[in-house]
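Participant: sequence and computational prediction follow.
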Amino acid sequence: MSEYISPDSKPASFEIPPSPVPEDRIAETINTGIAVAGEGLAGLCAALSAREAGAQVVIVTASSGPVGRGGSVFASYSRVMAEHGMPRQDLDTFFLQEFEANSFLVDQRKWYTLLNRSEEAMNWLIDILEKEGVEAVLEDANEDDHDSPTWQPPGTHAFVGKGITRAGTGISLALNALEKTFLAAGGKVLHGTPAKYLEKTDGRVNAVIAQRPDGEYVRVRAEKGVILATGDFSANREMMAKYCPNYAPEFTSAGDDYNVGFAVRGLYKGEGQQMALWAGAAWQKTRPCAVMIQGSRAGTSMPYGSHRGLRLNCRGERYCNEDMNGAYTALTTLREPGGKAFAVWGANYAKETIFRAHGGRRDGPDLTPEQVLANWEDQVSKGQIVKGDTIEAVLEALGLPAEESVKTIRRYNELCRAGKDLDFHKKKKYLQEIREAPFYGCSLSDRFFFTVLGGPRTNHKMQICDKDDNPIPGLWCVGSMVGDMYANCYNFRIPGQNYGACLTFGYLTGREAAEG
C-alpha cells in the first residue's frame, strides 16, 4: 500500500519565512506594551480597548488611515434596541440552525462569546460614537417566518451622521471616531507602515518588524505581545488555490491599494496569515475557508434577499425552492449549467408581496406597489431587468428557450393557483402566479465576492495556536483572519455578523492582551 501524503506536506512559497531584515536596515526601535497590525474595525477596537485597560499601544498599518467597507454591525442586544422597546431575542434554536448550516464545522465557543458579550461591546462603541455626534440606528433586515432561511434576527446596527444617512454604509464614521479616541488616549499609529514579520524570544512573540514609507524598517517591541488584524487573503492567488480553491477563479485583485474601501474583488494578500504561519501557527481546522458572497438583488422584495418568484436555468427549467437569500442564490446559481439562472414575474408581484428596501431602518414603511413598479422601471432603464407585454417577449430578451420555459411557467402557475407546490414544496404564501402584464425578468447570474474568511488556528480567546492547539505566547488575531469562525459560506443570515465579531472580539482581545 502506498503511503498517504498530506496535501500540506510540501510547503507553499507563502509558508516559507523570509530572511530577516538586516539590522542596519532597521532605522528605529519603538518600545510599547502591545503592537497591533492593521487599522480596520477589529484592529482599532483591540487597540483602543487595550489602551483603556492601561497598556501602551502602537498600531502599524499599510493604509494611510482607517479602512472599512459597508457598515452593518451585529450585536445580540444594545441600549439602542432597548430604547426602541425591543425585547431580548431567544436565539438558541437559531444558533443551532446556523451550526447545522455550517455543518457544525465552526468553533461554537466563538459564536456563543459573540452572543453573550456583543451587547457589552456595542454599548461601549455607542458611547464613543455619541461623543463624536454619530448616531447608532437599527438596520432593516428580512422579516419572515423564523424557520425560513431568509429570516434574520434583529440586532444589526448601523451608524449615521455627518452626511451619511443610509443604513449600512457608515463604517467610516465608527472607524474615524475610534481612531480619534485612540490617539487622544495616547495611542500611536504608524500609517503607510505594513507589518512584515514577527520576532520571538524564548518562544514568545515580542516584536513586529514593519516597513516605513521611506523603505527602511521599524522594530516595534511589544512587551505583552502582538495582535494581528490585517484582513483577508483573497488577493493572494496561491493562498486562494490552497485554502479556497472552489472560488479562487472568481476573485480579481484590487492591486496593492490598502486604502480601498467597499470593493467587490480581492483586497489583501494574507500578510497577517503568513506572519502567523512563520511564527509557528497551524492553519485553521476547517477546509476550505468560507467565502463571503452575494447574489443578484434584482427584483428582490427583501433587504438581504433575491427574487423569490419563479427561477429558471438557461434550459428553461425550474431548479429549486426559491425561498432563499442572496448568498444562497449565488451558490445555487453557480451549480446550474453555465453558472446561469433567471427570474420571471408579472406586475401583480408588486401587489401580492411585501417589499422592503436595502439600507433602510428597522420598522420603516413598506414600499407601496407604485414605488415597487417605479423601481422596476428604473432597473429596466439601466438594463438590470427586462420588460415585455408578453411572457414570450421577456423570455426572448433573456435568451431563454421559449418552449421549455413556457411549459415551466404554466406548471408553476398551476401550482400557484392550487396553493401547493408539489415540485419543490415552497410555502403557499410565496406562490405568486405570473399573471399580470407587463411582465419582467432578470438574470440571477451576477454574483459578488466580498472576502474570504479564515486563517491561522485561533482559540476562543483569539490566541493563535500551533498544530497541537497550544497558544503561541504573545500572539493574537482578530477580524476576518480569525480561524474556524465560519464554514461553507458566510450566508448573511445575521447581517453584520462579521463586523459584529470584529467589534466584540477586538474589544475583548484588547483587554485580554493588556492583562498579559
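Facilitator: Great, that's in hand.
Participant: who are the packing partners of the host helix or strand of Gln97?
Facilitator: If you go by DSSP states H and E, Gln97 is part of helix 92-101. Applying 3 or more Cβ pairs under 8 Å, 6 or more residues apart in numbering; DSSP states H and E, one finds that helix 92-101 makes contact with helix 108-131. (C-beta placed from N, C-alpha, C; glycine too.)
Participant: can you list contacts of stretch 204-223?
Facilitator: For stretch 204-223, contacts defined as Cβ atoms under 8 Å, 6 or more residues apart in numbering pick out 20-21, 25-35, 37, 58, 60, 190, 192-200, 225-226, 275, 279, 472-475.
Participant: now do stretch 495-503: distance to the chain's middle.
Facilitator: Relative to the chain's own centre, stretch 495-503 is displaced by 8 Å; criterion: Cα atoms, centre = their mean, to the nearest Å.
Participant: so for it, mean pLDDT?
Facilitator: Averaged over stretch 495-503, pLDDT sits at 97.
Participant: list the contacts of that stretch.
Facilitator: With Cβ under 8 Å, 6+ apart, stretch 495-503 has contacts from 40-42, 45, 70-75, 110, 114, 118, 121-122, 125, 139, 141, 152, 155-157, 168, 171, 292, 303-304, 453, 478-480, 482, 485, 490, 494.
Participant: hey, where'd the strands end up in the stretch 51-200 of the chain?
Facilitator: 57-60, 73-74, 135-138, 156-160, 188-190, 195-201 (DSSP state E, counting those that start in this stretch).
Participant: now do the helices in this structure.
Facilitator: Here the chain has its helices, by DSSP state H, at 41-52, 79-83, 92-101, 108-131, 171-184, 237-243, 271-278, 326-334, 349-352, 369-381, 391-398, 402-418, 497-514.
Participant: and the angle from the longest one to helix 41-52?
Facilitator: Spelled out, it's helix 108-131. Per axes from the mean of the first three to the mean of the last three Cα atoms, to 10 degrees, the angle that helix 108-131 makes with helix 41-52 is 70 degrees.
Participant: ok, and for helix 108-131, which residues are buried?
Facilitator: Going by neighbour count (16 or more other Cβ atoms under 10 Å), the buried part of helix 108-131 is 110-111, 113-115, 117-119, 121-126, 128-129.
Participant: cool, and the third one?
Facilitator: When neighbours are counted by 16+ other Cβ under 10 Å, the buried residues of helix 92-101 are found to be Phe94, Phe95, Gln97, Glu98, Ala101.
Participant: domains of the protein?
Facilitator: Per automatic domain parsing, the domain ranges recorded for the chain read 13-296+452-516, 299-359+367-445.
Participant: and which of the buried residues of helix 108-131 is nearest Gln284?
Facilitator: Lys110 (11.4 Å; Cβ to Cβ).
Participant: quick check, pLDDT for Met1.
Facilitator: If you check Met1, the pLDDT there is 33.
Participant: begin at 42 from here
Facilitator: Fine by me, first position is 42 from now on; the one you just mentioned is Met42.
Participant: which of the domains of the chain sits most buried?
Facilitator: For the domains of the chain, average neighbour numbers computed from mean count of other Cβ atoms under 10 Å are highest in domain 54-337+493-557, which has a mean of 20.
Participant: how far off centre is that domain?
Facilitator: Centroid displacement of domain 54-337+493-557 relative to its chain, using Cα atoms, centre = their mean, is 11 Å.
Participant: and that domain, how far apart are its ends?
Facilitator: Taking Cα to Cα, to the nearest Å, domain 54-337+493-557 runs 33 Å from one end to the other.
Participant: quick check: chain neighbours aside, which residue is closest to Asn72?
Facilitator: Distance criterion Cβ to Cβ, 6 or more residues apart in numbering; nearest residue to Asn72, sequence neighbours excluded, is Arg262 at 4.9 Å.
Participant: can you name the residues bridging to the one you found?
Facilitator: For Arg262, the beta-bridge partners are Asn72, Ala248 (DSSP bridges).
Participant: which residues are in contact with stretch 417-434?
Facilitator: By Cβ under 8 Å, 6+ apart, the list of residues contacting stretch 417-434 reads 339-340, 385, 391, 435, 437-439, 443, 447, 450, 475, 478-483.
Participant: tabulate the CA atom coordinates of that stretch in CSV.
Facilitator: The C-alpha coordinates for stretch 417-434 follow below in CSV (Å, rounded to 0.1, in the frame of the first residue of the first chain):
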residue,chain,number,x,y,z
TRP,A,417,-38.5,48.1,-11.6
GLU,A,418,-38.9,50.7,-14.4
ASP,A,419,-35.7,52.3,-13.2
GLN,A,420,-33.9,49.0,-13.3
VAL,A,421,-35.3,48.5,-16.8
SER,A,422,-33.9,51.8,-17.9
LYS,A,423,-30.5,50.7,-16.5
GLY,A,424,-30.6,47.3,-18.3
GLN,A,425,-30.7,45.4,-15.0
ILE,A,426,-34.1,43.8,-15.7
VAL,A,427,-36.1,43.3,-18.9
LYS,A,428,-39.8,44.1,-19.5
GLY,A,429,-42.3,42.9,-22.1
ASP,A,430,-46.0,43.0,-22.8
THR,A,431,-45.9,39.2,-23.1
ILE,A,432,-44.1,36.4,-21.3
GLU,A,433,-42.6,35.3,-24.6
ALA,A,434,-41.1,38.8,-25.1
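Participant: low-confidence ranges in this structure?
Facilitator: Flagging of the chain using pLDDT under 70 yields the residue ranges 42-50, 295-296, 303-306.
Participant: apply 80 and report the result again.
Facilitator: Across the chain, residues meeting the criterion (pLDDT under 80) sit at 42-51, 291-298, 300-308, 404, 557.
Participant: excluding its backbone neighbours, what's nearest Phe292?
Facilitator: In space, and not counting its chain neighbours, Phe292 is closest to Gly307: 4.1 Å by Cβ to Cβ, 6+ apart.
Participant: hmm, the one you found is touching Cys285, no?
Facilitator: No: in this structure, Gly307 is not within contact of Cys285 by Cβ atoms under 8 Å, at 10.5 Å.
Participant: Val249 versus the residue nearest to Asn72, what's the distance?
Facilitator: Computed with Cβ to Cβ, to the nearest Å, the distance linking Arg262 and Val249 is 9 Å.
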